[in-house]
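> The sequence and its predicted three-dimensional model are supplied below.
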Amino acid sequence: MISEKPIIIKHNFDKKRFAKLFAMYTWGTNPFDHCNRSLKKSYSVKFNKKNEGFEVGKSVIMDEFPDKPWDAIYICGVRQGYWSKNKDKVYPHNVHFAIVPAPGKKDSWKFEEWEVHVENGTIETVLSEEELDPRFSSFPKDCTTCRIYRWSVTHYRDQLEGMDFEQLKKDAESHVERHKMGIEKRKIKMD
C-alpha cells in the first residue's frame, strides 16, 4: 500500500521475553489453514525480534512494501515457554493485534505490561472464540483457537463470500493434520 504517511509503531516489547515477535503486512485470508499460514502476507524485517535494531522504545516506520497491496499489519508475539509443557499457561500471554492504515490518526493498545502507540493507523483487536462467525464452529480447534486465524477470517470476511464452508472445513482438517504430522517428524529428528 502506497501511503504518504506510513504507519509508525512505538512499543515497549522486550524481545528477550518472546520466542517469536514479528509483523506481517497482510492482504487476504487462507481460511483453510491456521496460524500465520492463514494470511496472505509479507513479513516485516523492521518489526522483528531478529532485527538487531529492534529495541524497546524505538519507533518502527512501517514502509517496507510500498508496491504491494497490503491493507493491514498483523503483530504476533509468542512468549518464551510457549513450546513447552507449560503451553496452556503461556498461551493467554501471547501478543496479537492488527493495525489498519488511517493517515493522521493515532491509537494505543495495552496488554498486560506491553504498550503500543501507533501513528497513521488504528488498532484492531482479535475476536474471542465465542464471537467468531458461527460458520466456523465445527472447524478444527487448531484454527478456531488461533488468534491469527480468527482475525484473518474476520478482517477478510468479504473474501469468504460464495465459498463452500463444508469444503473449507475439510481442507482445514487436512491442513491441520499435515501440520501435526510435520511437527511429529521434526520431533523424531530431534530425538
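Alright, I've got the coordinates. Residues are numbered from 1 along each chain as shown.
> how about the strands of the protein, start to end?
Remark: strands assigned in the chain by DSSP state E are 7-11, 18-29, 39-48, 60-62, 72-79, 95-111, 114-124.
> Among these, which comes closest to Asp164?
Asp164 lies closest to strand 18-29 among these, at 15.0 Å (CB to CB). Glycine gets a C-beta too; all of them are placed from N, C-alpha and C.
> thinking again about what came up before, using TSV, please lay out the strands of the chain together with distance to Lys87.
TSV is the format used below for these (distance: least, CB to CB, whole Å):
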stretch	distance to Lys87
strand 7-11	24
strand 18-29	11
strand 39-48	22
strand 60-62	28
strand 72-79	10
strand 95-111	16
strand 114-124	20
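> Let me know which of those is the nearest to Glu130.
strand 95-111 (16.2 Å).
> follow-up on the earlier one: okay if I get the strands of the chain as TSV plus mean neighbour count?
Listed next are these as TSV, based on neighbours: other CB atoms under 10 Å:
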stretch	mean neighbour count
strand 7-11	21
strand 18-29	20
strand 39-48	18
strand 60-62	19
strand 72-79	22
strand 95-111	16
strand 114-124	18
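> Glu173 is nearest to which of those strands?
Nearest to Glu173, of all those, is strand 18-29, at 17.2 Å by CB to CB.
> That closest one pairs with which strands?
Sheet pairing of strand 18-29 (DSSP bridges) gives strand 39-48 (antiparallel), strand 72-79 (antiparallel).
> contact partners of the first one?
In other words, strand 39-48. Here strand 39-48 makes contact (CB atoms under 8 Å, 6 or more residues apart in numbering) with 9, 21-30, 51, 53-54, 60-62, 64-65, 68, 70, 73-75, 148, 152.
> how about 7 Å then?
9, 22-30, 51, 54, 60, 62, 64-65, 68, 74, 148, 152 (CB atoms under 7 Å, 6 or more residues apart in numbering).
> hmm, back to that, can you say which of the strands paired with strand 18-29 is nearest to Asp133?
strand 39-48 (16.7 Å).
> what's the offset of the closest one from the middle of its chain?
10 Å (CA atoms, centre = their mean, to the nearest Å).
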